[in-house]
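Q: Turn this into a model:
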Amino acid sequence: MSGRTLRRSARATAPSLDPRSVAETVVDPELPVLTLADLGVLRDVRREDDGTVVVEITPTYSGCPAMGVMRADLVHALHEAGFDRTDVRTVLSPAWTTDWITAEGRRKLAQAGIAPPGPAPERAPGPVPLELGPSRRSAACPLCGSADTEEVSEFGATACTALRRCRQCQEPFEHVKEL
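A: Model prediction:
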């Protein structure tokens, strides 16, 4: 059987696949230990009456540079699974919060040596006030569990993380900031 025949056979069975299960396998380009579902940015996956798969995602913050890659990766995964008509939409409201990271996502972060966020701060609806003072975050070391850590840099490899160092085991680690 040729590759072309196999591709047609796979595509012929696509309607029986669940597009959500396909979308849930796509990993985050900045934190590849997590899927978009683990991170909580995958908001909705549904089929329209005309067969189009509509995927809704929410950026972790306004201007997130990974949104284009997330969109492309979702379209690619769905096309590979046989869903030729896809529409990936950005949903901004309600705004994403670190509280949407799943328990499995938090476990994966810690297992990868990245401190998961604590509870997101409570805020009143409306504009977010600008705070110019130093951040007052804390995070336990994901390697040894010590709470005696210090922030080295407010930004880590991504804008969503901070770089910290454990005073107990002396190891540096990233911490997903609470948003």
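Q: Next, give phi and psi for the most centrally placed residue in the chain.
A: In the chain, the centroid-proximal residue (Cα atoms, centre = their mean) is residue 39; its distance is 3.3 Å. Torsion angles at residue 39 (phi, psi; degrees, to the nearest 10) stand at phi -70, psi -20.
Q: what sits against residue 56?
A: Applying Cβ atoms under 8 Å, 6 or more residues apart in numbering to residue 56 gives the contacts 42, 43, 44, 45, 88, 89, 90, 91. From N, CA and C alone the C-beta is placed, and that goes for glycine too.
Q: Once you drop chain neighbours, what's closest to the second one?
A: So the one you mean is residue 43. Spatial nearest neighbour of residue 43, excluding adjacent residues (Cβ to Cβ, 6 or more residues apart in numbering): residue 56 at 4.2 Å.
Q: which SS state does that neighbour fall under?
A: strand (DSSP: H, G, I helix; E, B strand; the rest coil).
Q: Same question for residue 78.
A: Under the three-state scheme (three-state DSSP), residue 78 adopts helix.
Q: isn't it right up against residue 54?
A: No. The pair residue 78 and residue 54 fails to qualify as a contact (Cβ atoms under 8 Å) at a distance of 10.6 Å.
Q: quick one: which of these two has more around it?
A: More crowded of residue 78 and residue 54, by other Cβ atoms under 10 Å: residue 78, with 23 against 15.
Q: quick one: the more buried one from residue 103, how far?
A: 26 Å (Cβ to Cβ, to the nearest Å).
Q: now swap in residue 46 and tell me
A: From residue 46 to residue 103 the distance is 24 Å (Cβ to Cβ).
Q: Would you confirm that residue 30 contacts residue 160?
A: Yes. Residue 30 is within contact range of residue 160, at 7.2 Å (criterion: Cβ under 8 Å).
Q: the more surrounded of those two?
A: It is residue 160, of residue 30 and residue 160, that has more neighbours when counted by other Cβ under 10 Å, with 23 against 18.
Q: any chance you could map the strands in the protein?
A: For the chain, the strands defined by DSSP state E cover 42-47, 53-57, 86-90, 114-115, 149-153, 161-166, 172-176.
Q: Tell me which residues of the third one come out buried.
A: Read it as strand 86-90. 86, 88 (16 or more other Cβ atoms under 10 Å).
Q: How is this structure divided into domains?
A: 3-90, 102-118+137-176 (automatic domain parsing).
Q: Of those domains, which shows the lowest average pLDDT?
A: Note on those: lowest mean pLDDT is at domain 3-90, with a mean of 87.
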